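Novice: Dropping a prediction and its sequence here:
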Number of protein chains: 4
Amino acid sequence: MRSASPVTRTKPAAVRREELLSAAQRLFLEQGVAPTTIEQITQRAQVAKGTFYLQFASKEALIEALRERFAAQLLAGVDAAVARTAPADWPGKLAGWARAATAGYLDSMRLHDLLFYAARPADGAGMTDNPLIDHLLALLLAGAHARAWHLEEPRTLAVFLFNGLHGIVEAAAHGREPHRKRAAAQLEQLFFRAVGISP
Amino acid sequence: MRSASPVTRTKPAAVRREELLSAAQRLFLEQGVAPTTIEQITQRAQVAKGTFYLQFASKEALIEALRERFAAQLLAGVDAAVARTAPADWPGKLAGWARAATAGYLDSMRLHDLLFYAARPADGAGMTDNPLIDHLLALLLAGAHARAWHLEEPRTLAVFLFNGLHGIVEAAAHGREPHRKRAAAQLEQLFFRAVGISP
Amino acid sequence: MRSASPVTRTKPAAVRREELLSAAQRLFLEQGVAPTTIEQITQRAQVAKGTFYLQFASKEALIEALRERFAAQLLAGVDAAVARTAPADWPGKLAGWARAATAGYLDSMRLHDLLFYAARPADGAGMTDNPLIDHLLALLLAGAHARAWHLEEPRTLAVFLFNGLHGIVEAAAHGREPHRKRAAAQLEQLFFRAVGISP
Amino acid sequence: MRSASPVTRTKPAAVRREELLSAAQRLFLEQGVAPTTIEQITQRAQVAKGTFYLQFASKEALIEALRERFAAQLLAGVDAAVARTAPADWPGKLAGWARAATAGYLDSMRLHDLLFYAARPADGAGMTDNPLIDHLLALLLAGAHARAWHLEEPRTLAVFLFNGLHGIVEAAAHGREPHRKRAAAQLEQLFFRAVGISP
DNA sequence: AATGAATGAGCGTTCATTCAT
DNA sequence: CATGAATGAACGCTCATTCAT
């Protein structure tokens, strides 16, 4: 009957799930997926080991859940950024995509890699076939359809741009590139050049 | 167990080392780094487990040695391809670099990833700071110095191009892109556009 | 969670207990004792896990309760079959015991084993000291007292007969013996021979 | 070079295997199969946990190895006892079988159950279909062929006798029957009566 | 130099039992 | 009474590394 009991041990499943997801995500970012143990995850989430298995059938199921959460969150962000541009401003949309996929998303980027690339079975198709590439591809095709640019191999281009951007974001994350502003400007230029337009 | 074995089993350290390196490399390519055990490596190299530790201090040391061997070998190949072009043919050199880093090097590419990216500690700086990028950067700078093109952020560009190319090679490896010829042509075009020249 | 649930969920303790007992019994028969979890038992009995511990102190206590229920039920059946024979027809009573303990009781037999043998702590006294043996022993002694047969080691004989019959029932259950009729006839003969009488 | 080094750590595989087998066997006898952990087995065998897996692929593989060892050892003993009787002394052979399967084999008997009955998958066919029954069956058939006795359902009889004997041995093991001598005599009698002969 | 038996910390997962609501 | 989220000890198994021979 008393709300706000001193220690609420029981929490709604969704909350527990989120806490475990977040604890795992932080640990994955800090140490990588394989080296992170269930024990560490539950310790950080302040629950017993068994509680983990109340929410996830296995470590792999947790990773899959993280993938879904990632897709839902980051993708939504990029999508919104692109939608915010003027309807026919295709260069703007392209720049917006790059900016949204980059700025402030360094963690997301690393998480993306962890989830879609490193934590994958051995074939590692992740950098070639993932939701962000599909999203960019859709934008490229829409622009082509609107005659904003011409594309010969749209999917190859999307893969190229995603990976190029990805490398730059990683480089920025590792501090190899001191001038983020300039890097962002150059990224925009590279995207434009790649589709054969000028800003 | 029996002394006086018919075959001399002692080999020069360098040979043993190479055999272990090669066995490991093949296994890494087949199954990935983490799933490959020292046991498997020594079995394939036809030596006992202990012999491994005569040559390498740890599994990590082996990976590091493989990194060095990779740099020495693949880099030499790319370097030769670039050197084969006419002295002042900078577009040709750039295209040659891309071609040499790609064509017939899918295995090398996968190995590169395994070694410089996936098998890395969690910080994963591999796609941002590796010998191939340095090599490409040197070429870009040389071309800029020769006024073949103009660059504002050469290192960022190198990272971008390497990663873009990398993505396309991976995609080709996973069969997402049926027209390798076309992809290669487009890659060349993208490299040229990125440095602001036309073929 | 919501109070005032449409269905009265509180049942008399005895009913709840029976439901749990029956759910457990069916699961034990289907999968064995050890592999059956409390979770499965409560699910099948349509109650929450905690409710189990309202009725039984532990899994072991449940098994003990099942043992008691078994003794009360199967024993009653054998007893009735024996009582149905003519008062002085001792061969008939012996044959009746064997028949009642066997025919149509394959499940009971398996349950008996599960409860008195397999689910026992390691000493496994079950096949030597259990209610069915005691019941048969009482019959043997009564027959001896009535001079229907002569016994030197009645308890040893009871153990022998019970186990012999048990083996045959199991064999029949596993289909090793196609002619159940014949097996039953032979069982009767073996019981008679064992006490030194002819049908 | 020094033989009899203070602590010989490396032993021939066969020796280690035997030690593990024996340690496991003793523990199984003491506590049952399921409750015995690999840790306990290796502790008792004075080796590290990993050493276990040098000899056996899994706990189940160990049990299977124990089954084979059991069959090789006990069966050989029973066989020898039967062979020691005069060629045509069929009652003697039958009594010998019973005696050899019993006397001094209490541990073997319990081990037999553990291995062929309790540690089995859920169907528990062990008491109906196992090497000792086959061995007895062969003897019964040989005797029948020599016209020492007449059998109608030899396999059913073998199952019956094996299980009857088994029960008595168990009872003796649990001290329910103080007069082992007498029990043995009665067992002989029961075997004879079952095949329809007199001593 | 070469061997391979031995080690033991560590991991993912299960499940009987508890207890706040 | 009834619930079911939470607990945590325990288990089978793996594998990089060591070291006596």
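Specialist: Ah, there it is.

Novice: How about the residues of chain A by DNA strand E?
Specialist: Within chain A, the positions adjacent to DNA strand E are A:5, A:8-10, A:35-39, A:49-50, A:52-53, A:57-60 by Cβ under 7 Å from any atom of the strand. For every residue, glycine as well, the C-beta is placed using N, CA and C.

Novice: In PyMOL, how would I pick out whichever of these are buried, leaving the exposed ones unselected?
Specialist: In PyMOL syntax, the buried subset of the residues of chain A next to DNA strand E is picked out as below (16 or more other Cβ atoms under 10 Å in any protein chain shown):
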select buried, chain A and resi 36+38+52+59
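
Novice: ok, and of the residues of chain A next to DNA strand E, which contact DNA strand F?
Specialist: Within the residues of chain A next to DNA strand E, those near DNA strand F by Cβ under 7 Å from any atom of the strand are A:9, A:10, A:49, A:50, A:53.

Novice: Please tell me how far the last one sits from residue C:49.
Specialist: Spelled out, that is residue A:53. 15 Å (Cβ to Cβ, to the nearest Å).

Novice: mind listing what's buried in the lowest-mean-pLDDT helix or strand in chain A?
Specialist: Lowest on mean pLDDT, DSSP states H and E among the helices and strands of chain A sits helix A:106-113, with a mean of 75. Within helix A:106-113, the residues scored as buried using 16+ other Cβ under 10 Å are A:108, A:109, A:110, A:111, A:112, A:113.

Novice: Beyond it, next helix or strand please.
Specialist: Per DSSP states H and E, the first helix or strand lying C-terminal to helix A:106-113 is helix A:131-145.

Novice: Identify the residues contacting that next one?
Specialist: A:71, A:74-75, A:78-79, A:82, A:90, A:93-94, A:97, A:101, A:112, A:116, A:149-151, A:154-155, A:157-159, A:161-162, A:195 (Cβ atoms under 8 Å, 6 or more residues apart in numbering or on different chains).

Novice: now with 6 Å?
Specialist: Residues outside helix A:131-145 that contact it (Cβ atoms under 6 Å, 6 or more residues apart in numbering or on different chains) are A:71, A:75, A:90, A:97, A:149, A:151, A:154, A:155, A:158, A:162.

Novice: what about the first one, how many neighbours?
Specialist: The one in question is residue A:71. Look at residue A:71: counted by other Cβ atoms under 10 Å in any protein chain shown, it has 18 neighbours.

Novice: How about the contacts made by it?
Specialist: Residue A:71 is in contact with residue A:131, counting by Cβ under 6 Å, 6+ apart.

Novice: Work out for me the element it sits within.
Specialist: helix A:59-83.

Novice: mean confidence score for that helix?
Specialist: What helix A:59-83 shows for mean pLDDT is 89.

Novice: And the closest residue to residue A:153 other than its chain neighbours, its phi and psi?
Specialist: Setting aside the residues directly before and after it, residue A:153 is nearest to residue B:186 in space (Cβ to Cβ, 6 or more residues apart in numbering or on different chains), at 5.2 Å. Backbone torsions of residue B:186, given as degrees, to the nearest 10, read phi -70, psi -40.

Novice: What is the burial count for residue B:186?
Specialist: Neighbour count for residue B:186, taken as other Cβ under 10 Å: 20.

Novice: And for residue A:24?
Specialist: Neighbourhood size, residue A:24 [other Cβ under 10 Å]: 25.

Novice: tell me the contacts of it?
Specialist: Neighbouring residues of residue A:24 by Cβ under 6 Å, 6+ apart: A:41, A:62.

Novice: That one and residue A:64, how far apart?
Specialist: Distance from residue A:24 to residue A:64, by Cβ to Cβ: 12 Å.

Novice: quick one: common contacting residues for the two?
Specialist: Contact criterion Cβ under 6 Å, 6+ apart; no residue bridges residue A:24 and residue A:64 by contacting each.

Novice: Domain-wise, how is chain A divided?
Specialist: Chain A resolves into domains spanning A:1-56, A:64-194 when parsed by automatic domain parsing.

Novice: is it possible to export the ones you listed to CSV including distance to residue B:16?
Specialist: Formatted as CSV, those follow (distance: least, Cβ to Cβ, whole Å):
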stretch, distance to residue B:16
domain A:1-56, 29
domain A:64-194, 28
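
Novice: What mean pLDDT does stretch A:156-170 get?
Specialist: 91.

Novice: So is it next to chain B?
Specialist: Yes. Counting by Cβ under 6 Å from any Cβ of the partner chain, chain B is contacted by stretch A:156-170 at A:156, A:159, A:160, A:163, A:164, A:166, A:167, A:168, A:170.

Novice: Go through those residues and name the one nearest residue A:28.
Specialist: Among the residues of stretch A:156-170 next to chain B, residue A:170 lies closest to residue A:28 (Cβ to Cβ), at 16.0 Å.

Novice: ok, that closest one - how many residues close by?
Specialist: As a burial measure, residue A:170 scores 25 neighbours (other Cβ under 10 Å).

Novice: got the contact list for whichever strand or helix holds it?
Specialist: In this structure, residue A:170 sits in helix A:154-173 according to DSSP H and E. Contacts to helix A:154-173, defined as Cβ under 6 Å, 6+ apart, come from residues A:98, A:102, A:106, A:109, A:127-128, A:133, A:136-137, A:140-141, A:151, A:177, A:180, A:183, A:187, A:194, B:127-128, B:156, B:159-160, B:163-164, B:166-168, B:171, B:177, B:183, B:186, B:190.

Novice: do the same with stretch A:96-116
Specialist: Contact with stretch A:96-116 is made by A:28-29, A:33, A:66-67, A:70, A:74, A:77-78, A:81-82, A:85, A:126, A:130, A:139, A:165, A:169, A:173, A:187, A:191, as judged by Cβ under 6 Å, 6+ apart.

Novice: Derive a PyMOL selection command for the buried subset of those residues.
Specialist: Selection command for PyMOL covering only the buried members of the contacts of stretch A:96-116, criterion 16+ other Cβ under 10 Å:
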select buried, chain A and resi 28+29+33+66+67+70+74+78+81+82+85+126+130+139+165+169+173+187+191
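
Novice: what residue ranges in chain A score low on pLDDT?
Specialist: Where chain A drops to pLDDT under 70, the residues are A:1-9, A:103-107, A:118-127, A:175-180, A:199.

Novice: Where does it get nearest to chain C, which residue?
Specialist: Chain C sits closest to residue A:12 of chain A, with a gap of 11.0 Å, by Cβ to the nearest Cβ.

Novice: So which of the residues of stretch A:156-170 next to chain B is the closest to DNA strand E?
Specialist: residue A:170 (25.3 Å; Cβ to the nearest atom of the strand).

Novice: Near DNA strand F, which residues of chain A? Just list them.
Specialist: With the criterion set to Cβ under 7 Å from any atom of the strand, chain A comes near DNA strand F through A:9-11, A:13, A:16, A:46-51, A:53-54.

Novice: which ones among those residues are found in helices?
Specialist: Among those, the members falling in helices (DSSP state H) are A:13, A:16, A:49, A:50, A:51, A:53, A:54.
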